[in-house]
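Trainee: Sequence and predicted structure are below.
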Amino acid sequence: MPSNDRYDYIIVGAGSAGCVLANRLSEDPATNVLLLEAGKADRHVWLKLPLKFRDLMTDMRFNWGYDTEAEPHLGDRRIYLPRGRVLGGSSSINGMVYSRGHPSDYDHWRQLGLAGWSYADVLPYFKRSEGHCDGSSAYHGAGGPLAVAKGDRSSNAHQAYIAAGRAAGYPVTADSNGAQPEGFGPADYTIRRGRRASTSRVFLAPAMTRPNLAVVTDAHACRVLFTGRRATGLEFRVRGRPRFAHADREVILSGGAYNSPQLLMLSGVGPADELRRHGIAVVHESPAVGSNLQDHIHVGIAYATEQMKSFDNELRADRLTLAFFNWALFAKGHLTTLPVGCISYIRTRKELDRPDIELLMGRVAPDAHIWFPGIRKPRGGYLGTRAIMLHPESRGTVSLRSADPAAKPVIRHNHLSVATDLRTLRDAVKAARNVYATEPLKGLTASELLPGAAIRTDAEIDAYIRETASTMYHPVGTCRMGTDVAAVVDAELRVNGVEGLRIVDASVMPTVPGGHTNAPTIMVAEKAADAILRRRPLAAEEPARAAE
């Protein structure tokens with residue numbers, strides 16, 4: 001094998017997991033680490049400004065810009081799938097919500113046979129990474145690099161939403177990542193002093209001065225190189241030019257739920273028939289590579305409002321300009337956070353053992369815009385909610401389009417292919433409507449914008465869901481960990497059937513957590529770092545939980 005460089009570890013992908021690994025593995029000065037990222041450095045100012053995340057989702061300078069194939073249960077629509085292609089990966093372009101999911105999500109992993117992955121086992125790793133604004137506690141860490149701040153709780157919209165949720169019969173919680181993970185409460189965000197706290201900024205940047213860590217951007221991985229069944233290096237391209245690197249210990253894939261299975265298959269590990277169809281030599285047949293794809297799916301519920309201060313007021317051109325300078329120079333003002341202060345995890349049926357939907361409140365319309373009197377009118381008062389299904393039964397796939405590493409993978413989510421998923425989303429719409437029909441929200445809203453007052457029957461709601469539903473950009477599961485023969489990786493995230501190859505990212509999660517996935521992905525990387533370095537796992541912690 002031609003080799004330009006030798007390292008102990010090669011990490012493919014500088015995203016939420018890769019940046020954590022690069023930091024933790026390079027702490028030992030005797031260990032040499034190479035981190036490869038297909039995108040560029042994250043120097044652009046928009047990657048620091050929290051309120052710009054919506055634009056980043058479609059900015060192809062920082063984005064892989066994937067799409068699904070036509071989704072048969074969503075009107076044959078192709079669903080856009082933004083994924084970060086920049087240092088920090090999707091943590092550099094996401095909505096910054098810090099949400100771990102319900103403790104029983106991880107207890108379920110343990111019930112699947114995955115020793116070391118119960119909530120008590122993973123809680124210390126959540127805490128190790130965290131620098132929570134409220135300090136350390138049984139559930140939170142204060143000394144970690146990942147800043148976690150509370151969202152804006154001062155708006156009357158936030159207060160009304162909490163009160164309406166309580167009046168509608170739902171629990172209220174002060175901390176959905178703490179003792180009471182169910183109910184209406186404040187959202188947490190990965191923001192530090194008004195700037196986005198991506199994994200690139202808080203994990204990778206402090207480590208980049210270490211001489212034993214090499215970071216290469218514009219580096220597109222082509223295939224893992226094997227000697228027999230042992231991964232010994234990587235072929236990649238830097239600005240189109242071929243390069244090779246040798247790994248003395250391990251190659252680690254951290255490309256995420258779309259890119260990691262793609263690279264695994266390009267390297268000869270995957271469903272044998274598919275690999276042969278593309279002319280790829282089979283190193284190890286692993287039929288489950290690329291299967292088990294899961295993601296949260298949501299629909300919008302929204303109302304016009306004239307009874308409260310609208311965030312549109314802050315989008316007036318002169319005010320927004322002043323706010324930008326206040327943010328850039330002093331890290332103050334409303335641009336230091338997001339205008340979404342409330343998040344809720346609730347059950348649509350009392351017999352459920354954990355929340356099955358999330359209601360994420362917003363007071364900025366998707367079509368909100370900068371305006372100025374006499375030139376352009378504001379969009380108008382708006383209150384909206386994303387009704388999100390947390391535990392989908394539907395499963396999708398990631399497969400190869402061709403043997404060309406530059407070709408985008410074929411992504412089929414198969415959303416709503418299981419009938420119970422449609423029922424859950426329908427119930428989510430009804431639950432959100434019920435909250436908005438409850439005081440004090442009822443008195444603050446005017447006409448229903450989405451789905452619209454004319455849509456009332458189950459059939460009409462189902463049609464609305466099929467026409468408008470989209471994902472929350474939380475893909476997981478395509479390189480599932482497990483103890484069965486079909487699992488792609490084992491409980492220490494080593495790829496089954498080969499040696500010297502590990503996968504550390506959201507693709508290893510057997511089921512999607514019932515929250516957002518950035519914090520769990522960071523946790524997975526923290527835990528994997530100890531396994532890779534053969535350190536004793538952190539001791540399990542079982543703090544008291546609130547009564548269900």
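Mentor: Looks like it arrived, so ask away.
Trainee: ok, and what's touching the longest strand anywhere in the chain?
Mentor: If you go by DSSP state E, the chain has its longest strand at strand 241-253. Identification of contacts with strand 241-253 by CB atoms under 8 Å, 6 or more residues apart in numbering yields 1-13, 18, 21, 34, 219, 222, 224-225, 231-237, 260, 263-264, 479, 500-505, 532. In this view, the C-beta of every residue, glycine as well, is placed from N, C-alpha and C.
Trainee: Quick check on those residues: which are buried?
Mentor: 7-13, 18, 21, 34, 219, 222, 224-225, 231-237, 260, 263-264, 479, 500-505, 532 (16 or more other CB atoms under 10 Å).
Trainee: how much space between I297 and H413?
Mentor: Separation of I297 from H413 (CB to CB, to the nearest Å): 8 Å.
Trainee: any shared contact partners between the two?
Mentor: With CB under 8 Å, 6+ apart, I297 and H413 have common neighbours T471.
Trainee: which residues are contacting whichever strand or helix holds V122?
Mentor: Assigned by DSSP states H and E, V122 belongs to helix 119-129. For helix 119-129, contacts defined as CB under 8 Å, 6+ apart pick out 20, 100, 103-107, 110, 136, 139-141, 144-146, 177, 519, 522-523, 526-527, 537-543.
Trainee: Quick check: mean pLDDT of it?
Mentor: For helix 119-129, mean pLDDT is 98.
Trainee: ok, then the element right after it?
Mentor: Assigned by DSSP H and E, the successor of helix 119-129 is strand 130-132.
Trainee: Show me which residues of that next one are buried.
Mentor: E130, G131, H132.
Trainee: In the longest strand of the chain, which of the residues would be classed as buried?
Mentor: Buried, per 16+ other CB under 10 Å, within strand 241-253: R243, A245, H246, A247, R249, E250, V251, I252, L253.
Trainee: Please apply the same query to stretch 522-533.
Mentor: I522, M523, V524, A525, E526, K527, A528, A529, D530, A531, I532.
Trainee: Among those, which ones are in helices?
Mentor: Here DSSP state H is the test, and those give I522, M523, V524, A525, E526, K527, A528, A529, D530, A531, I532 as lying in helices.
Trainee: how much space between the first one and P271?
Mentor: With the distance defined as CB to CB, I522 ends up 30 Å from P271.
Trainee: And the fourth one, by the same measure?
Mentor: With distances taken as CB to CB, A525 is found 27 Å from P271.
Trainee: Please apply the same query to the third one.
Mentor: When CB to CB is the yardstick, V524 and P271 sit 24 Å from each other.
Trainee: from the chain's centre, how far out does stretch 207-225 sit?
Mentor: Computed by CA atoms, centre = their mean, to the nearest Å, the chain-centroid distance of stretch 207-225 equals 23 Å.
Trainee: how many other residues sit next to D462?
Mentor: 17 (other CB atoms under 10 Å).
Trainee: Just checking, which helix or strand succeeds whichever strand or helix holds it along the chain?
Mentor: For D462, the host element (DSSP H and E) is helix 458-468. Using DSSP H and E, the helix or strand that follows helix 458-468 in sequence is strand 470-471.
Trainee: after that next one comes which helix or strand?
Mentor: strand 501-503.
Trainee: who touches that following strand?
Mentor: 224, 231, 250-254, 260, 264, 269, 479, 488-489, 492-495, 528, 532.
Trainee: burial measure for the spatially closest residue to K150 that is not a sequence neighbour, as a count.
Mentor: Ranked by CB to CB, 6 or more residues apart in numbering and with sequence neighbours excluded, the top spatial neighbour of K150 is P186, at 5.3 Å. For P186, the neighbour count with other CB under 10 Å is 18.
Trainee: thinking P186 is in contact with G341, fair?
Mentor: Yes: counting by CB atoms under 8 Å, P186 touches G341, with 6.0 Å between them.
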